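# What would the 3D arrangement of this be:
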Amino acid sequence: MHDIYRNIPLNSNNNSKYKKINAGIRLDKSLYNKGKNVSYHNLHNYEFNPVAILYQALQPPIIDGIRKPLKPGGYSDSGADIAYSLRSNNIPIVTPVDNPSPTSDLDWVFPDTEEGISTAISKGAKTIWANTILFNTNPLNCMSFREDIKLVGHLPSSVDKYDNKWYANELIKAMEFCQGVKNVDSIEQMKEHAEKLLSNRTVIDGQYCFEYGDTLILEEYLEGEEITATIMPPGIYAINFKNGTLNKYWHLPLVKRFNHNNGIAPYSGVVAVVENSTLISNEEAQNPIYKQVAQDCEKAAQIMRPLAPIRIDCRRIAPEKTFALLDINMKPNMSGPGRPGRNMQSSLSCKAANGIGWNYPDLLKAMLRQAWLIKKFIRYCTVIFFIITIENICEFIDLDIVENIDRHFYR
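Coordinates of the predicted model:
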């Protein structure tokens, strides 16, 4: 994609008293390749269906002998941020309690259990926002839904696949993008750390297992600058107050990370994103090295084909050298300001959105407009399984057919 300029007027229609909201955001025209990647339609007020936000209440399954630990609160804090912000911008929100307290996370979000999802729908939700960790056995992948129920989030099967760091790294290598992460200074330190990881045991579902699994990944440590790219999926976005259909994956402005702890960016729950991250400058955005890494991240998304934003962490292989794709993140991480006591809260994607003049509610509305029908996803999986089976047998397939199925079934 082309470059983005930051000092852009914001949409001033957030205080509308109606549920039909002018979702137009003024973006710079140079972002889009006219006539190729985007088509325009007349501006209209977009009406949002009632939304319910899910948080992680379910333990993820054991994969390769390891279960990822449940984050304290299960993303209920960011889920409450999302719900509070949307409701404050006149978008109908379904909540577990009638009068949710702005300071109580669980007043705003439903558990990602079958009972929690069913309760949200019975209370009137027509769009489910999966602010949780997804996997193949998640109820969203197994329940029966009405034809009109939509989802904001990824395919559970995609998260299950790409959340596997080994698989994601092999994907990056296959794309011939440099990558790697490790922070030990000697073979002795590496052995000591490996022995420590492999010596930790825990009990999972009554079974004695390795706490961190039984497989380690050793990679080269990249000592250069770290950035994060947020990649948005194809879909309908408001561009210069016109509804535009973007036909390719595209990136928000890149975010630079700093103040690392022993070479590693600290977890946002320990150090706020606003304290160790900043947008790259307009001058840096013109640098061919930054342009190339942004294009590489878009190519990675094109292969993965996510249905919601993803973040890709990248580092220079050495100071002043090219960037390497380091880590693919499909976790929610959508905290944002608005609720009392949360004004210092943000996310890397939220900070990136600020670079094109979007505030937190603008980013959420852009994501909400890309919600997809769950019922069609179930049909899609059936068709794709058939195609993959035929591909394995015949060893040929017209990829345009898959792309046409993509467009037909998701929206």
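# In space, what's closest to Ala125 - neighbours in sequence excluded?
Counting by C-beta to C-beta, 6 or more residues apart in numbering, Ala125 lies nearest to Ala52, which is 3.6 Å off, once chain neighbours are set aside. To be clear about C-beta, it is placed using only N, CA and C from the backbone, and glycine gets the same treatment.
# OK, contacts around that neighbour?
Ala52 is in contact with 93-95, 110, 120-121, 123, 125, 127-129, counting by C-beta atoms under 8 Å, 6 or more residues apart in numbering.
# Could you rerun that using 6 Å?
For Ala52, the contact set (C-beta atoms under 6 Å, 6 or more residues apart in numbering) comprises 94, 110, 120, 125, 128.
# Can you classify it as helix, strand or coil?
Taking DSSP: H, G, I helix; E, B strand; the rest coil as the rule, one finds Ala52 in the strand state.
# Can you tell me how far it is from Ala83?
Separation of Ala52 from Ala83 (C-beta to C-beta, to the nearest Å): 8 Å.
# same check, this time on Asp160
Separation of Asp160 from Ala83 (C-beta to C-beta): 26 Å.
# Compare these two and say which is more crowded by neighbours.
Ranked by neighbour count (other C-beta atoms under 10 Å), Asp160 and Ala83 place Ala83 first, with 27 against 22.
# Pretty sure that one sits against Ile53.
Yes: if you go by C-beta atoms under 6 Å, Ala83 and Ile53 touch, sitting 4.8 Å apart.
# what's the overlap in contacts for the two?
Counting by C-beta under 6 Å, 6+ apart, Ala83 and Ile53 have no common neighbour.
# rewinding a little: from the contacts of Ala52, which single one is nearest Gly338?
Ranked by distance to Gly338 (C-beta to C-beta), the contacts of Ala52 are led by Val94 at 18.2 Å.
# check contacts around the closest one.
By C-beta under 6 Å, 6+ apart, the neighbours of Val94 are 50, 52, 120, 123-125.
# again, 7 Å this time
By C-beta atoms under 7 Å, 6 or more residues apart in numbering, the contact list for Val94 reads 50-52, 120, 123-125.
# For PyMOL, write the select line for the buried members of those residues.
To isolate the buried members of those in PyMOL, using 16 or more other C-beta atoms under 10 Å:
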select buried, resi 50+51+52+120+125
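# Need the max-distance pair from the contacts of Val94.
Every pair of the contacts of Val94 checked by C-beta to C-beta; the farthest is Val51 and Lys123, at 11.4 Å.
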